[in-house]
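Asker: Have a look; sequence and predicted model below, questions after that.
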Amino acid sequence: MEKVIIVRYCEIHLKGNNRGYFEKVFQENLERALRGIRHEIRRPSGRYIVENFDESRADEIVARLSKVFGTHTLSVAYKVSADMDSIWSAVLAVAPQDGTFKVQTNRADKKFPLDSMQMNAEIGGRLLSANPRLKVDVHDPQHVVYIDIRENGTALVFGAYVKGAGGMPVGTAGRGMLLLSGGIDSPVAGYMIAKRGMQLEAIHFHSYPYTNLQAREKVEELARILSEYTCGLTLHVVSVTHIQEEIHRLCPAEMMITLLRRFMMRIAERIGKKTGAQCIVTGESLGQVASQTIEGITSSESVLERFPVLRPLIGFDKTEIIEISRRIGTYETSILPYEDCCTVFLPKHPLIRPDLAEVERAENKLDIEKLVGAALDSAETLRLS
Amino acid sequence: MIYFDNAATTRPDAESVSAAQRYLNEDFFNPSALYREGFEVHRALNDARRRILACIAPQGFELIFTGSGTEADNQVIFSAARRGNFVTTEGEHAAVYASAKELARRGMEVRFARLRADGSVDADDLLSKVDENTSLVSVIHVNNETGAVNDVAGLAAAVKKKNRRTLFQSDGVQAFGKLSFVLPPAVDFYTISAHKIGGVRGVAALLRKKGVPLAPLLFGGGQENGLRSGTENTFAILQFAEIAEKRMRDLAAYRRQATRLNACLREQLDRSLFLPLSPENGSPFILSVSARGLRGEVLQHMANERGLLVGTGSACSSRNRYSRVILACGADEQTADGVLRLSFFGTEQEEDACRAAAILNACAAELREKTR
């Protein structure tokens, strides 16, 4: 009786002619997620079967695969030959100990002597007489025993569906440059966009010596957690210290964040165009802080040309964002108390509705090209697997 | 690189490391083992115990090796402060302070005595908090942030005069090997640590007056007379003994040099940028200053880039931005935000101190200019 893992995928079947491409990328991502674990992945119709692995690592494999976007559900199943005795022994291994249940058979092999209904009745009857604490409930059972009789003379028997990450395979929807701060929102934004299949790179801005090395370590950890969903992640770390010092020296204090955001966009665009990214992804949510008003967004976005900004969290409440961040495992790291660059030189009253003309006038005092160039020179690139 | 953060930890002394090296190599045996090789290690361990004791408490005390100063402090507090009230100070190291907070959380009455501006305890306030129900008093010997020295002998005697049943503990981690001191009979417990004087981390010791009850924190194989179970770190203990003796032998020279470094920095740090927080009569090994209006951690990073390593009283973290002890000295938040702590081993050269002063002056001037 061999343990296998069934991986079912989501929307890929919608994709008509592209289906082969989507399936190929998805399988590559599954393979990548299982790096370091011996396994084989087969693709019978409409799903993937992972087999030939060390059975003690089944849970770890499920955990890793459930983070691969495109995965709808997974099941740990027993693969047996399609005869009553073998199926019955597998059923015993997955059957519940008490409560209500039903048996649900799917018979692809029409030559199997019992049809689905007869099979359900037969196996259900045997379970009832084997364990008096079980009761049948075909409408709302606590447990379901699934029997899948395949055409190749094997049957898969399993007791549960594990929910996968959903979405589309990463790599099927272009490349984006994620602005990754140390906060709660930006990792969630990255997660949401990767879920739709976009391959991400991340860029982090720091203000050492005004911020510390712990803050940077925290961002690397966030990127590492995110990389489990994004099929690896390249992280660019860029110093904006000098830019902040120059804004502080030459521009009105209340414009610090407005102007800094514009520099961040420019730097992200430059790096992105070099590495093949097609857009910027941010964790902005409308009205959450002063720089995230429509005027603030207009101001920061106006420095970009033909380089869209995707804001997957724009309509989310903070509590909703926190909920996702807890679920994907970035929350605990995000709330570590190290400052990122935005809180240094923080004005008491930042501009809430910056006027684009005024912003541009204030910016005229800065040597934008030189500052951007120096920041790009400071960039370090890390690869997180 | 100039390393002026010796109150955090010190570079292990190479000579004593090689003297103790054989306990990592050929004499690696478990000192509890009954074969001859193990017994020899056991004897060396007890010899180290006697040698360290001789450095600080020639008679009347016994020594229990622990894994850290924090562990020794915790063991005393959770053993001795079980009834009535526990009196300590606002100037304790976290090992004592956080333990006191934990006791308070568990429902014990804990009283914190005020500090004077230099970081030493207000003795009158301390004594006024001691009453017939006080089970334990804990006073740090040398304050680890300002270097202020508390008169442990005098305070212990005064506490005993008020209540002879009250036990007296002192954390001497920043004092041992840095000032000339013999444990007086009124002190019941005293903590010392190896890595602040050229030892390695992972070994410290609790000195206990003979006959004073003490409960173990860890249970197991019954090492250290049942007071500290766990296989002994014989290499670190033997190296501790070596360095403790060396430190005591040359104490006057270390102090003289630390005093010179301290004076040099006090003299050469720009007084318009840096306000000294450490008292003139404190430990010469610690000099705390505040670059009032600037942030200590940013200065620390800037100095780091220029090859100078110093400690800081604050951190860029919203939870612990200001040093609790500096605030307890009566400093305002701006002062507490700008704290830098320079601490010496006692062998550094004066020109290092001069260079450090020049680096800090330049960093502070530059930061003031940039953030004006």
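Answerer: Arrived safely, thanks for sending.

Asker: Could you use CA atoms for every contact and neighbour count after this?
Answerer: Fine.

Asker: Could you chop the chain up by domain?
Answerer: No chain specified, so I'll use chain A. Chain A is divided into the following domains under automatic domain parsing: A:2-163, A:175-384.

Asker: try chain B instead
Answerer: Dividing chain B into domains by automatic domain parsing, as the record does, gives the ranges B:14-248, B:251-371.

Asker: list the contacts for the one residue in the stretch 151-300 of chain B that gets nearest to chain A?
Answerer: The stretch 151-300 of chain B approaches chain A most closely through B:Val298 (5.1 Å), counting by C-alpha to the nearest C-alpha. By C-alpha atoms under 8 Å, 6 or more residues apart in numbering or on different chains, B:Val298 lies in contact with A:209-211.

Asker: Chain B next: which of those residues are close?
Answerer: With respect to chain B, and counting by C-alpha under 8 Å from any C-alpha of the partner chain, the subset of the contacts of B:Val298 in contact is A:209-211.

Asker: quick one: which of those sit in strands?
Answerer: Of the positions in the ones next to chain B among the contacts of B:Val298, not one sits in strands, assigned by DSSP state E.

Asker: What about those, which one has the most neighbours?
Answerer: Sorting the ones next to chain B among the contacts of B:Val298 by how many neighbours each has (other C-alpha atoms under 10 Å in any protein chain shown) puts A:Thr211 first, at 24 neighbours.

Asker: That residue reaches A:Thr241, doesn't it?
Answerer: No: proximity of A:Thr211 to A:Thr241 does not meet the contact threshold set by C-alpha atoms under 8 Å, at 9.3 Å.

Asker: do the host helix or strand of B:Ala353 and chain A meet at all?
Answerer: Assigning secondary structure by DSSP states H and E places B:Ala353 in helix B:350-371. Yes: for helix B:350-371 and chain A, the contact criterion (C-alpha under 8 Å from any C-alpha) is met by B:370-371.

Asker: what's that helix in contact with?
Answerer: Applying C-alpha under 8 Å, 6+ apart, the external contacts of helix B:350-371 come out as A:245, A:248-249, A:345, B:2, B:260-262, B:264-265, B:268-270, B:273, B:291, B:294, B:299, B:302-303, B:306, B:308.

Asker: one more time with 7 Å
Answerer: Contacting residues not belonging to helix B:350-371 are listed as A:245, B:2, B:261, B:264-265, B:268-270, B:273, B:294, B:299, B:302-303, B:308 [C-alpha atoms under 7 Å, 6 or more residues apart in numbering or on different chains].

Asker: now do stretch B:208-220
Answerer: Counting by C-alpha under 7 Å, 6+ apart, residues outside stretch B:208-220 touching it are B:60-63, B:75-76, B:79-80, B:188-190, B:227-230.

Asker: Next, give me the two most distant ones among those residues.
Answerer: Within the contacts of stretch B:208-220, two members stand farthest from each other by C-alpha to C-alpha: B:Gly60 and B:Gly230, at 25.4 Å.

Asker: Show me the helices in the chain, by range?
Answerer: Picking chain A for this. Here chain A has its helices, by DSSP state H, at A:19-33, A:58-65, A:84-94, A:116-130, A:185-195, A:213-227, A:241-250, A:256-275, A:294-301, A:318-328, A:331-334, A:356-363, A:368-377.

Asker: that's the wrong chain, I wanted chain B
Answerer: Counting by DSSP H, the segments of chain B that form helices are B:14-20, B:36-56, B:69-80, B:94-105, B:123-129, B:152-162, B:234-249, B:251-268, B:296-305, B:324-328, B:333-337, B:350-371.

Asker: Quick one: these as CSV, columns for mean pLDDT too.
Answerer: Written out in CSV, the entries for the helices of chain B read as follows (pLDDT from 0 to 100):
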stretch, mean pLDDT
helix B:14-20, 97
helix B:36-56, 97
helix B:69-80, 98
helix B:94-105, 96
helix B:123-129, 98
helix B:152-162, 98
helix B:234-249, 98
helix B:251-268, 98
helix B:296-305, 95
helix B:324-328, 92
helix B:333-337, 91
helix B:350-371, 96
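
Asker: wait, which of the ones you listed is closest to A:Leu376?
Answerer: helix B:296-305 (20.2 Å).

Asker: and the angle for that closest one with helix A:213-227?
Answerer: Regarding helix B:296-305 and helix A:213-227, their directions subtend 90 degrees when assessed with axes from the mean of the first three to the mean of the last three C-alpha atoms, to 10 degrees.

Asker: Restricting to C-alpha, output helix B:296-305 in PDB.
Answerer: As requested, the backbone C-alpha atoms of helix B:296-305 are provided in PDB (Å, rounded to 0.1, in the frame of the first residue of the first chain):
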ATOM      1  CA  GLY B 296      22.700  57.300  20.000                       C
ATOM      2  CA  GLU B 297      22.200  54.400  17.700                       C
ATOM      3  CA  VAL B 298      22.700  56.500  14.600                       C
ATOM      4  CA  LEU B 299      25.900  57.800  16.000                       C
ATOM      5  CA  GLN B 300      26.900  54.300  16.900                       C
ATOM      6  CA  HIS B 301      26.400  53.200  13.200                       C
ATOM      7  CA  MET B 302      28.300  56.200  11.900                       C
ATOM      8  CA  ALA B 303      31.200  55.500  14.300                       C
ATOM      9  CA  ASN B 304      31.100  51.800  13.300                       C
ATOM     10  CA  GLU B 305      31.700  52.800   9.600                       C
END
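
Asker: coming back round to it: pipe the domains of chain A into TSV and attach mean pLDDT per row.
Answerer: Formatted as TSV, these follow (pLDDT from 0 to 100):
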stretch	mean pLDDT
domain A:2-163	92
domain A:175-384	93
